[in-house]
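Colleague: fold the following.
(chains A, B, C, D, E, F and G)
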Amino acid sequence: MKLSPLGDKVVLKQLEAEETTASGIVLPGNAQEKPQQAEVIAVGPGGVVDGKEVKMQVSVGDKVIYSKYAGTEVKLGDEEFIVVRQNDIVAIVED
Amino acid sequence: MKLSPLGDKVVLKQLEAEETTASGIVLPGNAQEKPQQAEVIAVGPGGVVDGKEVKMQVSVGDKVIYSKYAGTEVKLGDEEFIVVRQNDIVAIVED
Amino acid sequence: MKLSPLGDKVVLKQLEAEETTASGIVLPGNAQEKPQQAEVIAVGPGGVVDGKEVKMQVSVGDKVIYSKYAGTEVKLGDEEFIVVRQNDIVAIVED
Amino acid sequence: MKLSPLGDKVVLKQLEAEETTASGIVLPGNAQEKPQQAEVIAVGPGGVVDGKEVKMQVSVGDKVIYSKYAGTEVKLGDEEFIVVRQNDIVAIVED
Amino acid sequence: MKLSPLGDKVVLKQLEAEETTASGIVLPGNAQEKPQQAEVIAVGPGGVVDGKEVKMQVSVGDKVIYSKYAGTEVKLGDEEFIVVRQNDIVAIVED
Amino acid sequence: MKLSPLGDKVVLKQLEAEETTASGIVLPGNAQEKPQQAEVIAVGPGGVVDGKEVKMQVSVGDKVIYSKYAGTEVKLGDEEFIVVRQNDIVAIVED
Amino acid sequence: MKLSPLGDKVVLKQLEAEETTASGIVLPGNAQEKPQQAEVIAVGPGGVVDGKEVKMQVSVGDKVIYSKYAGTEVKLGDEEFIVVRQNDIVAIVED
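Modeller: Have a look, this model is predicted:
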């Protein structure tokens, strides 16, 4: 089961505070420190949304910061997602 | 009796938590886990809505996630529906 | 005395819960079950409304579902009507 | 002294509940039963209002229904008027 | 010292309830009876305001009715003025 | 250190109630009597702001009246400024 | 790790009250005196944002004043940033 967003919508998955590094070491994180960081799971096709042409600028796998209070929370099976409009994504986090 | 939505409106039927699988086994569900999942029952013709051209992107039978607090609840005979604008549908759920 | 709506306005008459079927039998209804179902009594000419071209899509006699909280209640003689903008009509009910 | 409305504004005079019929008989009315019925006293020239072309569709002498809470109340000498935008007039009452 | 309004702004001076007629007789007025009547003191140049072309339709010396709650109160020396947008003037009072 | 406003923004400095006249006499003022009078300190370049072409109409040194509650207060070193959009300036005060 | 803002967004870093001058002298500052002064860390590409062409007017390294209450606070590792839309930047501070 997967989500296919409409228009300028983007499906995000909030990044867990606890992450495993490339070398496999588990880094205990602090959830309070990354409140709005998420990974892009699916990207809508863009096009004319609300009468305005929107070009999608994020890609699946991007780590992004999104606006607090934005979006619709979705639970699909055991996983939780947040669906936001691209405009609610403020920046891409680059490593 | 059926609903024929105007403009960019879409008639939805909230998915029951309890569903029967293709093989006929009844799976007891958990209503809390799928709060905004619904099936598309009827789709408006789109066209110019509120001065903006809208192209419909959902089809009858699609399972969709829609925005909390959106839409008009309708009771027709024994059945309850929710009528939303297409813009309030955030994603299609694909199996 | 009749109402002639301006622009994209539509005059509605809320459907009584109690209705007579085609065979003449009176079916006691339940007002709670059809809260926003109404019959179209008069339809505005459409045209440019608030700077946007509006094409009327409902006809006199249509049974429609309209958005809760929308419209202006009007009492004319002994009858009560609701005047809504076409955009507040979400769907036509077809038999 | 008279009011000459600007743009899409319309000067209305609320219809008194007590009216004399054509035959001269005074019909005691009930103010509660015609809350938003008014007579058009003066009509603005229309034209470009708030960046949008508006064509006036009501005429002096029309009896109209206007939207509750709309308009500016004006007292001129002994008379009270309501000035509304044409868009706040929902329908013309035809005899 | 005088006020030169920008764009579609209009400087108004609220009409005193007590006025002298052409024949010089002082008519004691009742402030409650003319709450939003004012004289136009200065008129902005109009032009493109907030992306929309505005043509000024009032002139210095016009007596006008303006919308309650609209405008910015200004005290200049001993005099008080109200600066409104032309759109907040609902009608010109003609004698 | 000086402020260079963007777009249609204008940097203002509230006029002190106490001022020195051209002849050098200090006139004790009354702060309550000139609440929104200010001097233009810097003017943005105008251009396309929020999708609309804006032409600047005030100049450095103008005394202006601006809308109450508008603007961003800024403290730079020992001085306090207010940055407003040109649209929040209602009139230029001419001597 | 760095932030790459989308559209008309700008990443800011609030200026510390305590700063070191070019000559290396530490100047104890007063945080209350510079509440909305920040340094531009990254600038979005501009382009069509919300249906309107936006040209970026700030550059990395600019010291700017931004509107109180605007923006999304972001914590990345040990650093805190504020991401605002360019329109929420009211002025560039020039030395």
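
Colleague: burial check on the residue in chain A positioned nearest to chain C, number of neighbours?
Modeller: With CB to the nearest CB, the shortest gap between chain A and chain C falls at residue A:51, namely 10.3 Å. To be clear about C-beta, it is placed using only N, CA and C from the backbone, and glycine gets the same treatment. By other CB atoms under 10 Å in any protein chain shown, the residues close to residue A:51 number 13.

Colleague: quick one, grab the pLDDT at it.
Modeller: Looking at residue A:51, its pLDDT is 86.

Colleague: contacts only, for the residue nearest to it when sequence neighbours are not counted.
Modeller: Distances taken as CB to CB, 6 or more residues apart in numbering or on different chains put residue B:52 closest to residue A:51, at 3.2 Å, once the chain neighbours are dropped. Neighbour list for residue B:52: A:48, A:50-51 [criterion: CB atoms under 8 Å, 6 or more residues apart in numbering or on different chains].

Colleague: mind redoing it with 10 Å?
Modeller: Counting by CB atoms under 10 Å, 6 or more residues apart in numbering or on different chains, residue B:52 touches A:48-52, B:8, C:52.

Colleague: run through the bridge partners of it.
Modeller: Counting by DSSP bridges, residue B:52 forms beta bridges with residue B:49.

Colleague: what's the spacing between it and residue F:48?
Modeller: 22 Å (CB to CB, to the nearest Å).

Colleague: what do you get for residue A:45?
Modeller: 28 Å.

Colleague: and if you look at residue A:73?
Modeller: Note on residue A:73: its distance to residue F:48, by CB to CB, is 37 Å.

Colleague: with residue A:86 instead?
Modeller: Counting by CB to CB, the gap from residue A:86 to residue F:48 is 22 Å.

Colleague: return the residues of chain A in contact with chain G.
Modeller: Counting by CB under 10 Å from any CB of the partner chain, chain A comes close to chain G at A:30, A:32-37, A:48-55, A:57-58, A:62-70, A:86-95.

Colleague: any of these buried? List them.
Modeller: Among the residues of chain A next to chain G, those scoring as buried are A:34, A:36-37, A:49, A:54, A:57-58, A:62-67, A:70, A:86-93 (criterion: 16 or more other CB atoms under 10 Å in any protein chain shown).

Colleague: element containing the residue nearest the centre of chain A?
Modeller: The centre of chain A sits closest to residue A:12, judged by CA atoms, centre = their mean, with a distance of 2.5 Å. In the assignment (DSSP states H and E), residue A:12 maps to strand A:9-14.

Colleague: given that strand, what are its sheet partners and their directions?
Modeller: Using DSSP bridges, the strands paired with strand A:9-14 are strand A:37-43 (antiparallel), strand A:79-85 (antiparallel).

Colleague: give me the contacts around the first one.
Modeller: So that's strand A:37-43. Strand A:37-43 has contacts (CB under 10 Å, 6+ apart) with A:2-5, A:8-17, A:56-66, A:71, A:79, A:81-84, A:86, A:89, A:92-93, B:91, B:94, G:74-76.

Colleague: pick out the residue of chain A closest to chain B.
Modeller: residue A:51 (3.2 Å).

Colleague: and that residue, how close does it get to residue B:49?
Modeller: 9 Å.

Colleague: now swap in residue A:12 and tell me
Modeller: Applying CB to CB, the value for residue A:12 to residue B:49 is 28 Å.

Colleague: with residue A:43 instead?
Modeller: 25 Å.

Colleague: does residue A:87 count as helix, strand or coil?
Modeller: helix (DSSP: H, G, I helix; E, B strand; the rest coil).

Colleague: check which helices and strands the helix or strand where residue A:75 lies sits against.
Modeller: In this assignment (DSSP H and E), residue A:75 forms part of strand A:72-76. For strand A:72-76, the packing partners by 3 or more CB pairs under 10 Å, 6 or more residues apart in numbering or on different chains; DSSP states H and E come out as strand A:2-5, strand A:9-14, strand A:79-85, strand B:37-43, strand B:63-66, strand B:89-94.
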